[in-house]
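*Asks:* Got a sequence here, can you build the structure:
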Amino acid sequence: MMTEGLFFDTLRQGILAATSMSLPMLAAALIVGVVIGLLQALTSIQEMTLTFVPKLACALGVLWFTMATMTQTLVTFFTHTLIPLIQGSY
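*Replies:* Residues are numbered from 1 along each chain as shown. So this is what the prediction gives:
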């Protein structure tokens, strides 16, 4: 039977895994967004696609480069945390 402590520990590990997987993409999009925003403020160019397209391209590039790490993080979480809970060998 799963106790409250085990449930909350598993939930904490899942949130930590999700945060560590999404952090590189979000940080890259934030940095690109700030740089493009500063560029727009300096040049007075107010084009909406100028902010969207570089952030999307940067996020996809970071996703492509970190996909192996993200997959390994997810596989590790499942094999060491969730599968033993499903099998009952926690």
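
*Asks:* In the protein, what residue spans correspond to helices?
*Replies:* In the chain, the helices defined using DSSP state H lie at 4-43, 48-77, 83-87.

*Asks:* Can you pull out the low-pLDDT segments for this protein?
*Replies:* 90 (pLDDT under 70).

*Asks:* about what we covered before: I'd like the helices of the chain laid out as a markdown table, including mean neighbour count.
*Replies:* Quick note: C-beta positions are derived from backbone N, CA and C, even for glycine. Formatted as a markdown table, the helices of the chain follow (neighbours: other CB atoms under 10 Å):
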| stretch | mean neighbour count |
| --- | --- |
| helix 4-43 | 13 |
| helix 48-77 | 13 |
| helix 83-87 | 11 |
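
*Asks:* wait, what's in contact with the closest residue to residue 85 other than its chain neighbours?
*Replies:* With sequence-adjacent residues excluded and distances taken as CB to CB, 6 or more residues apart in numbering, residue 85 is closest to residue 10, at 6.5 Å. The contact partners of residue 10, taken as CB atoms under 8 Å, 6 or more residues apart in numbering, are 81-82, 85.

*Asks:* before we move on, what about residue 66?
*Replies:* Contacts of residue 66 by CB under 8 Å, 6+ apart are 24-25.

*Asks:* how about a cut-off of 10 Å?
*Replies:* Neighbouring residues of residue 66 by CB atoms under 10 Å, 6 or more residues apart in numbering: 21, 23-25, 28, 73.
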